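A.B. asks: The following block contains a protein sequence and its predicted model.
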Amino acid sequence: MSAVLAPVLDIQKIREEFPILHQQVNGKPLIYFDNAATNQKPKRVIQALTNYYQNDNANIHRGIHTLAERATRAYEDTRLAMQAFIHAEHSEEIIFTRGVTESINLVASSYGRTFLKEGDEIIISGLEHHSNIVPWQLIAEEKKAIIRVINITPTGEIDLDHLKSLLTSKTKIVAVNHASNSLGTINPIKEIISLAHEFGAVVLIDGAQASAHLPIDVVELDCDFYCISSHKMYGPTGTGILYGKKELLEKMPPYMGGGEMIKNVSFTKTTYNDLPYKFEAGTPNIADVIALKEAIDFINELGKENIAAHEHELLVYAAQRLSEIPSVRLIGTSSQKVSVQSFVIEGIHPFDIGQMLDSRGIAVRTGHHCTQPLMDHFGLEGTVRASFSVYNTKEEIDALLEGLKRIVKFLN
Amino acid sequence: MTINETQDQIISEFSLLDGDMEMTVFYIMELGQKLPEMNASDKSELNEVKGCQSKVWLTANLENNGLQFSADSNTAITKGLVSLLVRIFNGQSPDDILSADLYFMKKIGMERFIGTQRSNGFAAMIKQIKMYALAFKSQLTTP
């Protein structure tokens, strides 16, 4: 029996769920291709935010009144939904943070400060976003630890042989992304995790670019930490999670002090709350966490594999159409990619391309995409990046090409 | 032509574009393409305008009591933008440059097609031009 080949998603119907898409920018219909930076929000997420403030707003966990109970339940429901979303074993392994950046800083600061010693090594890859570089540099400086960087191949993949040569008994942490924000490369994280574990290192995965596109099973991966940002998976900005293995999180000291994270406070001794609250000091971002559940449900209902199939089709189509322009060079040509296509056009600065496309209502990202070391590796100042989401269409890619061809004709 | 006459000329040229963003951006780039070539040796760190997102180089010389500017940028749009300033200020005296009131940006709706970052960069270019004017003014007045 053949697999389902007919398009399963009704893209026009899905587009109806995204109010922001139905507007004109500079007199042209908006075409939003900056999804790797943040994607747009379906009505149900926006409504959940409004509904919370209109009907349920209360501080969670400590109140005994009805509103506090409602808000607490909705907040904890998101934790359970996220647990299922990444197949975590325990709900207390899901810590709400502001997003991937805070999640990585939490681990670098709490785990790193506790367990790193002078001369220990942290391995990251040349594909990392600044937020998976700088937190490690900060803690490495403090603890006199050393950062090692895995080489990147010409197609933009992690060089596994180089990783193998870097791993030693000194390696304490390996931190890599699941998918690259600049190039889209999907990294073989299962293999990386297993290699790192042979040397007793813990592994943190930056899942910012994966959560809306790739299946995530933290138990099957056996990863120690996994970080997600809500706003890159149709959810609100300002929230996300850190997944951590329970036995690791239990050994780690609190990252911030305040309300919620304590059991007892006196001026001589304070005892800390249990997981996950030990890491959730202060009133959290309740509304956004609650609305995040709608984003998770949205993805689940469409089916991540269906979303990925549509986006992959767009990616292949975009790469093929871009190659019609001889002066275009695709950056990041791995066979395993999420729907991100970086490119440069010979003799034309990415800023000019971005501004020209904006004048036609097309939103792309230009610049170094917070991956300056990666751009240096390719000898580039920056690229143009078009990244696709479930609501994008081939017709929109055609419009992108039309815009690019005009620019090339004018400037070359 | 005075500074304000050139500004008025620019305003009237841009009004023909009728607010069409794409045509406006193309027009700006076209203006940049017409800017006289800058000496490669002048594109040095010393002549870089600080505070621009793109690279912009700007030099000035005094000729017959008026300033002559030369400029370039690594991006076509920024080159077009700096060309507007070169056109307005070329041949003007340091005093006129220092007391100039630039109103053309607002009239052509420049904030619509350059973002916040570029606006700051554009302000940095104007500041640099006024710094040159100040430097040459003191040169002229020093016996």
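C.D. replies: The structure has been received and is ready for your questions.
A.B. asks: In contact with residue A:270, which residues?
C.D. replies: Residue A:270 makes contact with A:257, A:262, A:264 under the criterion C-beta atoms under 8 Å, 6 or more residues apart in numbering or on different chains. Just so you know, the C-beta spots here come from the backbone N, C-alpha and C atoms, and that holds for glycine as well.
A.B. asks: quick check, nearest of those residues to residue B:100?
C.D. replies: Nearest to residue B:100 among these, counting by C-beta to C-beta, is residue A:257 at 55.8 Å.
A.B. asks: Model confidence at that closest one, what's the number?
C.D. replies: We have a pLDDT of 88 for residue A:257.
A.B. asks: circling back: inside strands: which ones of the contacts of residue A:270?
C.D. replies: A:262, A:264 (DSSP state E).
A.B. asks: out of the contacts of residue A:270, who has the most neighbours?
C.D. replies: residue A:262 (16 neighbours; other C-beta atoms under 10 Å in any protein chain shown).
A.B. asks: Can you report how many residues neighbour residue 139?
C.D. replies: In the absence of a named chain, this looks at chain A. Neighbours of residue A:139 (other C-beta under 10 Å): 22.
A.B. asks: meant chain B, my bad for not saying
C.D. replies: Per other C-beta under 10 Å, the neighbour tally for residue B:139 reads 10.
A.B. asks: That one is in what secondary structure piece?
C.D. replies: If you go by DSSP states H and E, residue B:139 is part of helix B:116-141.
A.B. asks: just checking, what packs against that helix?
C.D. replies: Counting contacts by 3 or more C-beta pairs under 8 Å, 6 or more residues apart in numbering or on different chains; DSSP states H and E, helix B:116-141 is packed against strand B:56-63, strand B:66-73, helix B:76-89, helix B:94-99, helix B:110-113.
A.B. asks: mind checking pLDDT for residue B:139?
C.D. replies: 82.
A.B. asks: Wait, it touches residue B:62, no?
C.D. replies: Yes. Using C-beta atoms under 8 Å, residue B:139 makes contact with residue B:62 at a distance of 7.0 Å.
A.B. asks: Quick one: neighbours of the closest residue to residue A:166 other than its chain neighbours, just the number.
C.D. replies: Of all residues not flanking residue A:166 in the chain, residue A:148 sits nearest, at 4.8 Å (C-beta to C-beta, 6 or more residues apart in numbering or on different chains). By other C-beta under 10 Å, 18 other residues sit near residue A:148.
A.B. asks: Could you spell out the sheet neighbours of the helix or strand harbouring residue A:148, each with its direction?
C.D. replies: Secondary structure assignment for residue A:148, by DSSP H and E: strand A:146-150. Strand pairing for strand A:146-150, using DSSP bridges, gives strand A:121-125 (parallel).
A.B. asks: Give me the phi and psi angles of residue A:227.
C.D. replies: phi -120, psi 140 (degrees, to the nearest 10).
A.B. asks: dump the residue contacts of the spatially closest residue to it that is not a sequence neighbour.
C.D. replies: Distances taken as C-beta to C-beta, 6+ apart place residue A:103 nearest to residue A:227, at 3.7 Å, with adjacent residues excluded. Shown in contact with residue A:103 (C-beta under 8 Å, 6+ apart): A:95, A:97, A:225, A:227-228, A:240-242.
A.B. asks: Residue A:238 reaches residue A:285, doesn't it?
C.D. replies: Yes. In this structure, residue A:238 is within contact of residue A:285 by C-beta under 8 Å, at 5.4 Å.
A.B. asks: If you count surrounding residues, which of those two has more?
C.D. replies: In this view residue A:238 and residue A:285 are compared by other C-beta under 10 Å, and residue A:285 has more residues nearby, 21 against 16.
A.B. asks: Who's the closest spatial neighbour of residue A:77, skipping the chain neighbours?
C.D. replies: Leaving aside its sequence neighbours, residue A:77 sits nearest to residue A:293 (C-beta to C-beta, 6+ apart; 5.8 Å).
A.B. asks: how near is that neighbour to chain B?
C.D. replies: 34 Å (C-beta to the nearest C-beta, to the nearest Å).
A.B. asks: Equivalent analysis for residue A:81, please.
C.D. replies: Taking C-beta to the nearest C-beta, one finds residue A:81 at 37 Å from chain B.
A.B. asks: is it true that residue A:344 lies in a strand?
C.D. replies: Yes. According to DSSP: H, G, I helix; E, B strand; the rest coil, residue A:344 belongs to a strand.
A.B. asks: how near is it to residue A:97?
C.D. replies: Relative to residue A:97, residue A:344 is positioned 34 Å away (C-beta to C-beta, to the nearest Å).
A.B. asks: of these two, who's got more company?
C.D. replies: residue A:97 (25 against 21).
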